[in-house]
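# just a sequence and a predicted model for now, questions to come.
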Protein chains: 2
Amino acid sequence: MPHRKDPGSVGLVQKQFYTFCEPPHEMELTSGAKLGPITLAYETYGRLNSDRSNAILILHALSGDSHAAGRYAEDDKHPGWWDNTIGPGKAFDTEKYFVICSNVVGGCQGSTGPASINPATGKEYGLSFPMITVHDMVRAQVRLVDHLGIDRLLAVTGGSMGGMQALRWAVSYPDRVIASIPIATTSKLSPQGIAFNEVGRVAIMADPNFHGGDYYGRPAPREGLALARMIGHITYLSDDSMHEKFGRKLRGKKAFGYNFNVDFEVESYLRYKGDTFVHRFDANSYLYITKAIDYFDLSLPDGSLVKTVEHVKAKFLIISFKSDWLYPPYQAREIVKALMVNGVDVTYCEIDSRYGHDAFLLDEGEMSKIITNFLANVAERNGIREAASS
Amino acid sequence: MPHRKDPGSVGLVQKQFYTFCEPPHEMELTSGAKLGPITLAYETYGRLNSDRSNAILILHALSGDSHAAGRYAEDDKHPGWWDNTIGPGKAFDTEKYFVICSNVVGGCQGSTGPASINPATGKEYGLSFPMITVHDMVRAQVRLVDHLGIDRLLAVTGGSMGGMQALRWAVSYPDRVIASIPIATTSKLSPQGIAFNEVGRVAIMADPNFHGGDYYGRPAPREGLALARMIGHITYLSDDSMHEKFGRKLRGKKAFGYNFNVDFEVESYLRYKGDTFVHRFDANSYLYITKAIDYFDLSLPDGSLVKTVEHVKAKFLIISFKSDWLYPPYQAREIVKALMVNGVDVTYCEIDSRYGHDAFLLDEGEMSKIITNFLANVAERNGIREAASS
């Protein structure tokens, strides 16, 4: 709950935790393995209305976490990762909606993941952590939503891997989702996307500090993780936005250095992004989450996306970005088509942004307006009362 | 000289060497440093005509070398890297033209590079090797062409970094080039391209076997180099060609493994490409050559491409490939425009290939035909006699 509000801000927030300690302690995963007990770290913004019908679940991407909005302390340098869309008067309007965001299972920001203690051994899981899928992330979220006493979510939404979860929610829990807003995402990652993830994993595993994932209490495989992050960052930007942001500008010099130090701004940016990431992220989580992304294929088991989505009941808003080459618009259009074949009520918007995959985090304005209108429409049609009037 | 000819093949070939041992032993580099003596490894195919006017210089890309066509031994598994364009009846027709290809200075296939012995110390250069530029590569080639007694080249050509050299030849040695055929190239690498190169370099330098580049006689930084090569390969293919080549096909299994072994074909392909590369390439050369590519900017020193190319005399054929996102067609069109502003005779062809940057190596047929016709036209207009008639 917010303790203080800036204009348009949810103010100060707290991370909360929910552990599935009621039976069954274990959750069966897609792979057939079992995992438990599971803790999910989560945050909420806004108030749940009296009939518990105004909840929106925010789903994060690869490097995200439960801290989607607000600040933990007034002097925090940065707010949560989607603060520009969550808050009073924003797209996910906390005056109207009760917004929830949880860290995925397999993550490293409070939810159970490879850095957690395995109760069977008393030591960190490391690579003995079972492989998790996007469906497993959603299975755990269902438990959290149950815990919060919410039967049906007004909306599920997220970008990138968050969009995969929004799709999985609508397909596998059709009675529990009124609307789904997958953004900058796909029904299955392209081989190019798998390739970039694989290179990141190879980089982490090649780090001499990796020790088969058993590096806790020792120096972490930071160089490998930084490399993986650098690769990721290139794929999140567009050629266009890199021209705009860096061009061929030199970093703190007027002429080429003719050595292997940083010459160009873009090199400096990437090194910085890699170096800062390793302080907040666990390399093993990076391995597990990228595998979950690679495995995601909404058309399975039949190989037919049209068939998989046939029981969907949610109304859809699907958003893609023209310059996003990691999750290109044609992949979003494939989902739109499969839904429309099944008569699902779907709105599709291809935003003309230059900022590549990252555009979903930046929100240049259009996205927020589109979401605001879509949610208002869904809430009205479903007679959803705002928290304020409850 | 070929010892044996298959139909359309230059047959058996030999690598030759030329060392600049006449004074000056040293060559001044763009950076101001001096390097020498320099050896260039090179090969030739076809015969020089009596007035030495039918020579075509082939310029290789990052991982290429002087072995552009033919085989060293009859049981060689693969011919030279551009064998599909060089040979009797092919684009660079060895019945008509005398074709030369040399390994760049800084390379590792016989030309002087970081793995060479520094005569001043008696040890390998390693990172004490001076930084080289595309212009330095061309400077060394000029010496080789002098040595072969050739005043003016009928054509210079190459793809990617080879295209950069073809541009540099025409700009800096206007009287020594009748025609230039830059393929899948740019007047300056994009920040995205620099970023990918930088990540590759960081991977090599982070390898515990790197030892500041002083690894000769010890295990080489193979994991880092393999990683760099994996990243490179992703950028050489297109999203489309990866869908066609791999899709989401699994490698030797019918279901996901739910572990960190290879699941997808594309992962297996990349690992294989990385692993095989390290047996034929020196990591330090990879560092130096990628820096040369990053530094290349034909618009320098004035920042105006139009001004830089104003003294060009060569006729140009510029080829790009629609699906090439590493050296996208818009970059080729920038060169075309700058040349046309200066009244240079330039033909531009944007080939509708799906194979990304790699298309210039594959040659699906169109490229060869375009080059064949262009060269025939240039040879006729300039009264170039074929070797056979000499």
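That came through fine.

# going forward, measure contacts and count neighbours with C-alpha atoms only.
Fine.

# for residue A:225, give me its contacts.
A:200, A:203, A:204, A:274, A:278, A:283, A:286 (C-alpha atoms under 8 Å, 6 or more residues apart in numbering or on different chains).

# residues from chain A in reach of chain B?
Within reach of chain B by C-alpha under 8 Å from any C-alpha of the partner chain, chain A has these residues: A:31, A:131, A:190-192, A:194-196, A:198-199, A:202-203, A:206-208, A:223, A:227, A:230-231, A:234, A:239, A:242-243, A:246-248, A:256, A:258-259, A:266-267, A:270, A:295.

# ok, back up a step: now render the contacts of residue A:225 as CSV, adding neighbour count.
Listed next are the contacts of residue A:225 as CSV, based on neighbours: other C-alpha atoms under 10 Å in any protein chain shown:
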residue, neighbour count
A:200, 26
A:203, 27
A:204, 26
A:274, 23
A:278, 19
A:283, 26
A:286, 24
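
# from the residues you listed, pick the one nearest chain B.
residue A:203 (6.9 Å; C-alpha to the nearest C-alpha).

# for that closest one, helix, strand, or coil?
helix (DSSP: H, G, I helix; E, B strand; the rest coil).

# cool, and residue A:200?
Applying three-state DSSP: residue A:200 is helix.

# now it: how far from residue A:186?
If you measure residue A:200 against residue A:186 using C-alpha to C-alpha, to the nearest Å, the figure is 20 Å.

# quick check: domain ranges of chain A?
Chain A resolves into domains spanning A:16-188+A:297-389, A:193-291 when parsed by automatic domain parsing.

# okay if I get these as JSON lines plus mean pLDDT?
Below are the domains of chain A laid out as JSON lines (pLDDT from 0 to 100):
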{"stretch": "domain A:16-188+A:297-389", "mean pLDDT": "96"}
{"stretch": "domain A:193-291", "mean pLDDT": "97"}
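
# wait, residue A:321 sits on residue A:352?
Yes - contact status for residue A:321 versus residue A:352: in contact at 6.1 Å, counting by C-alpha atoms under 8 Å.

# what segments of chain A are strands?
Counting by DSSP state E, chain A has these strands, from start to end: A:16-19, A:27-28, A:34-35, A:39-45, A:55-59, A:86-87, A:92-93, A:98-102, A:117-118, A:123-124, A:153-159, A:177-183, A:315-321, A:346-351.

# still on that earlier bit, more crowded one of residue A:321 and residue A:352?
More crowded of residue A:321 and residue A:352, by other C-alpha atoms under 10 Å in any protein chain shown: residue A:321, with 26 against 14.

# any idea which of the strands of chain A gets closest to residue B:373?
strand A:315-321 (41.9 Å; C-alpha to C-alpha).

# touching that closest one from outside, list them.
Contacts of strand A:315-321 (C-alpha under 8 Å, 6+ apart): A:178-185, A:328-329, A:332, A:336, A:344-353, A:356-357, A:359-360, A:367, A:371, A:374.

# rerun at 7 Å
Strand A:315-321 is contacted from outside by A:178-184, A:329, A:332, A:344-353, A:356, using C-alpha atoms under 7 Å, 6 or more residues apart in numbering or on different chains.

# can you give me the helices in the stretch 201-350 of chain A?
Using DSSP state H, counting those that start in this stretch, the helices assigned to the stretch 201-350 of chain A run over residues A:222-236, A:239-245, A:265-277, A:283-295, A:305-308, A:329-341.

# so can I have TSV of these showing distance to residue B:313?
TSV is the format used below for the helices of the stretch 201-350 of chain A (distance: least, C-alpha to C-alpha, whole Å):
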stretch	distance to residue B:313
helix A:222-236	39
helix A:239-245	31
helix A:265-277	35
helix A:283-295	52
helix A:305-308	57
helix A:329-341	44
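
# between those helices, which gets nearest to residue A:169?
Taking the helices of the stretch 201-350 of chain A one by one with C-alpha to C-alpha, helix A:305-308 is closest: 12.4 Å.

# packing partners of that closest one?
Applying 3 or more C-alpha pairs under 7 Å, 6 or more residues apart in numbering or on different chains; DSSP states H and E, one finds that helix A:305-308 contacts helix A:329-341.

# between the helix it packs on and strand A:346-351, how many degrees?
For helix A:329-341 against strand A:346-351, the angle by axes from the mean of the first three to the mean of the last three C-alpha atoms, to 10 degrees is 170 degrees.

# helix A:329-341: how far from the chain's middle?
Between the centre of helix A:329-341 and the centre of its chain there are 21 Å (C-alpha atoms, centre = their mean, to the nearest Å).

# sounds good, over and out.
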